[in-house]
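Novice: Here is the input, now give the coordinates:
(one chain, ligands or ions: 1)
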Amino acid sequence: MADRVTHDPQIAAIIEKETSRQEQSLNLIASENTVSRSVLAAQGSVLTNKYAEGYPARRYYGGCDYVDQAEDLAVARARKLFNAPYANVQPHSGSQANMAVYFALLNPGDRVLAMDLSHGGHLTHGAAASFSGRLFEFAHYGLTHDTQIIDMNQVADLANSFRPRLIVAGASAYPRIIDFQSFADIAASVNALFMVDMAHIAGLVAGGVHPTPVGYADVVTSTTHKTLRGPRGGLILGSDDLAGKINSQIFPGIQGGPLMHVIAAKAVAFNEALAPGFAGYQQQVVENASVLANGLMGRGYHLVSNGTDNHMVLMDLTDRNLTGKEAEDRLGRAGITVNKNTVPNEARGPFVTSGIRIGVPLITSRGMTPDAVRQVAELICDVLDDAATVHRVTSEVRDLCRQYPLYPGDD
Ligand code: DSN
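Specialist: Residues are numbered from 1 along each chain as shown. Predicted structure coming up:
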């Protein structure tokens, strides 16, 4: 599928084994996907050789003519895809996109309101262990107790009492549509800036199956490798008036030379997302997630918010004799890859947890449609119900994977 590593047998063998692992297992990590051969080729290209600190036509190195063209294309395609006036495609990751935006909009010690990590938020939304929680003062909102959707009354109350400079919406483990209009209204009512971290849902937004935050938020950050199905990296979108501040926080603020091979691969991925088939892929993702949710709930498992509107479900195992870690391990033995995840009002630590997060972007990229997803749901429940099924399920997982190859045509 990609060029072989010919002069390093140890790394070549590791890549071979990882390729087989990916081909022969059902990857249900909600934040992962599988990129096209063209994205792989761009990312594995000689563009990795080039230093290009600065921005197109304003670089600190000579020889940037062609990488300038790649970055210009990536920016133009990102802007078109998300209908955004401004895009910065240089962030190496979603965390660095968020860091650059915080540094552009805030001073150390400023107040920020964001989603609680254990309710589905992200480390960079103010967790104590992250730079964000160390440099800024965060307050957190969460989910309602009954419906387990974002508690917009709590968001409004906290906005009023805490008076944040910035409100952040966006999540790593939240299965429902986020009401950007209400967030924007609350932010405006307390004169706060509004940022959306749409990393998980960027592909759904690009495909038109989740409302866009562009136009509601002052700034939107994202990764490019989740539902968006591009190379691993970050992205910032916004209005032109913030462009100067954000650009200078990415470089020279927090990054050095941009990864031009990754930026070229982002351009390829954006082009793929602009092509007609991408919306259909995203519709299939949402349908598959819904089928998965119904399959799991039909077998008696509790999902946070009782279902999903997007690409993932969050299974709460609190009422089962099983931790998130045990569930992840047991499913892993059957060739089904998920991640343990905290659930709202989590009683266990992050290495144990009481839940698992299950996503369908990757199996949908492999071509799976509802019939296959129903089977996947049954296999998950079989394994969680009874560890003795692992052997049988492993063989069914292998069969399914053979029917839906990761890179059709490769041997
Ligand atoms: N690690 C990502 C996820 O799995 O959601 C978030 O950064």
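Novice: Flag the shaky bits of this protein, pLDDT-wise.
Specialist: Where the chain drops to pLDDT under 70, the residues are 1-3, 411.
Novice: Point me to the residue of it nearest the ligand.
Specialist: Ser31 (3.3 Å; CB to the nearest ligand atom). For every residue, glycine as well, the C-beta is placed using N, CA and C.
Novice: Against Gly215, how distant is that residue?
Specialist: Remark: distance between Ser31 and Gly215 (CB to CB, to the nearest Å) = 25 Å.
Novice: And those two? Which one has more around it.
Specialist: Shown here are Ser31 and Gly215; by other CB atoms under 10 Å, Ser31 has more neighbours (20 against 15).
Novice: show me the contacts for Leu259.
Specialist: Neighbouring residues of Leu259 by CB atoms under 8 Å, 6 or more residues apart in numbering: 48, 92, 233.
Novice: Not counting residues beside it along the chain, what's closest to the first one?
Specialist: Just to be clear, that refers to Thr48. Spatial nearest neighbour of Thr48, chain neighbours left out: His261 (4.1 Å); criterion: CB to CB, 6 or more residues apart in numbering.
Novice: need the contact list for the one you found.
Specialist: Residues counted as contacts of His261 (CB under 8 Å, 6+ apart) are 42-48.
Novice: so which strand or helix has it?
Specialist: helix 260-274 (DSSP states H and E).
Novice: Flag every buried residue along that helix.
Specialist: 260-273 (16 or more other CB atoms under 10 Å).
Novice: picking up where we left off before, need the nearest residue in space to the residue of the chain closest to the ligand, chain neighbours excluded.
Specialist: Distances taken as CB to CB, 6+ apart put Lys226 closest to Ser31, at 4.8 Å, once the chain neighbours are dropped.
Novice: before we move on, back to that, distance of the residue nearest to Thr48 from Pro231?
Specialist: 8 Å.
Novice: what touches both of those two?
Specialist: Counting by CB under 8 Å, 6+ apart, the contacts common to His261 and Pro231 are 42-43.
Novice: where does the stretch 101-250 of the chain come near the ligand, residue by residue?
Specialist: Counting by CB under 6 Å from any ligand atom, the stretch 101-250 of the chain comes close to the ligand at 122, 172.
Novice: Centroid-nearest residue for this structure?
Specialist: His200 (3.1 Å; CA atoms, centre = their mean).
Novice: residues in contact with the residue nearest to it when sequence neighbours are not counted?
Specialist: Setting aside the residues directly before and after it, His200 is nearest to Lys226 in space (CB to CB, 6+ apart), at 5.5 Å. For Lys226, the contacting residues are 30-33, 199-200, 202-203, 361, by CB under 8 Å, 6+ apart.
Novice: gap between the residue of the chain closest to the ligand and Pro361?
Specialist: For Ser31 relative to Pro361 (CB to CB), the value is 8 Å.
Novice: List of residues touching the top helix by length along the chain?
Specialist: Under DSSP state H, the helix in the chain containing the largest number of residues is helix 277-298. For helix 277-298, contacts defined as CB under 8 Å, 6+ apart pick out 175, 203-204, 206-209, 227, 229, 272, 303, 306-313, 315, 358-361, 363-365, 368-370, 373-374, 376-378, 380-381.
Novice: Extract the C-alpha set from stretch 382-391 and format it as PDB.
Specialist: C-alpha atoms of stretch 382-391 as PDB (Å, rounded to 0.1, in the frame of the first residue of the first chain):
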ATOM      1  CA  ASP A 382     -21.400 -11.400  22.900                       C
ATOM      2  CA  VAL A 383     -17.900 -10.600  24.200                       C
ATOM      3  CA  LEU A 384     -19.100  -8.300  26.900                       C
ATOM      4  CA  ASP A 385     -21.800 -10.700  28.000                       C
ATOM      5  CA  ASP A 386     -19.500 -13.700  28.200                       C
ATOM      6  CA  ALA A 387     -15.700 -13.900  27.900                       C
ATOM      7  CA  ALA A 388     -16.000 -17.500  26.700                       C
ATOM      8  CA  THR A 389     -17.200 -16.200  23.300                       C
ATOM      9  CA  VAL A 390     -13.800 -14.500  22.600                       C
ATOM     10  CA  HIS A 391     -12.500 -17.400  20.500                       C
END
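Novice: Show me which residues of that stretch are buried.
Specialist: Residues of stretch 382-391 classed as buried by neighbour count (16+ other CB under 10 Å): 382-384, 389-390.
Novice: now it: how far from the chain's centre is it?
Specialist: With CA atoms, centre = their mean, to the nearest Å as the basis, stretch 382-391 stands 29 Å off its chain's centre.
Novice: Hmm, Ile15 is touching Thr6, no?
Specialist: No. Using CB atoms under 8 Å, Ile15 makes no contact with Thr6, being 11.5 Å away.
Novice: Between the two, which has more neighbouring residues?
Specialist: Taking other CB under 10 Å, Ile15 and Thr6 do not tie; Ile15 has more neighbours (14 against 7).
Novice: Is the more buried one located within a strand, as I assumed?
Specialist: No. Applying DSSP: H, G, I helix; E, B strand; the rest coil, one finds Ile15 to be helix, outside a strand.
Novice: ok, now which ones touch it?
Specialist: Counting by CB under 8 Å, 6+ apart, Ile15 has contacts Val5.
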